[in-house]
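J.: Got a predicted model here, sequence first, then my questions.
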Amino acid sequence: MKGDYSAPVFNAYVVMSGSMLPTIQVKDIVVTKKVPEEKLEVGDIITFISPDTRFGGISVTHRIIEKYYDESIGSY
């Protein structure tokens, strides 16, 4: 079998709502690159899978407004 089957370095998403206006417009395309969570800072714009079961694992793009490290689980 030929080809590269490794995980992609970048992903692209089409923005479906106006929640990030005026910075990101509806129908804009955002390109993401996975980075270690400890490198993320307040003000960064990130795309993540919503943990809210009402949204069925949808990808969400938002700005970080606060950073909290939970020592009990060792994660942000």
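T.: Cool, the structure landed.
J.: Where does pLDDT dip in the chain?
T.: For the chain, the stretches with pLDDT under 70 are 1.
J.: Strands of that one, start to end?
T.: 10-14, 29-33, 45-49, 59-63 (DSSP state E).
J.: Asp70 is nearest to which of these?
T.: Among the strands of the chain, the nearest to Asp70 by C-beta to C-beta is strand 45-49 (16.0 Å). Any C-beta I mention is one placed from the backbone N, CA and C, and that applies to glycine too.
J.: And the contacts of the closest one?
T.: Strand 45-49 is contacted by residues 11, 13, 20, 23-24, 30, 32, 40, 57-64 when judged by C-beta atoms under 8 Å, 6 or more residues apart in numbering.
J.: what's around Asn11, how many residues?
T.: Other residues near Asn11 come to 13 when the count uses other C-beta atoms under 10 Å.
J.: So for this structure, the centremost residue is which one?
T.: For the chain, the residue whose C-alpha lies nearest the mean C-alpha position (C-alpha atoms, centre = their mean) is Thr47; its distance is 1.2 Å.
J.: Report the beta-bridge partners for that one.
T.: Thr61 (DSSP bridges).
J.: Can I get the buried ones among the contacts of strand 45-49 as something I can paste into PyMOL?
T.: Applying 16 or more other C-beta atoms under 10 Å to the contacts of strand 45-49, the buried members can be selected in PyMOL as follows:
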select buried, resi 20+24+30+32+60+61
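J.: Farthest pair within the contacts of strand 45-49?
T.: Spatially, the most separated pair among the contacts of strand 45-49 is Thr23 and Gly57, at 24.3 Å (C-beta to C-beta).
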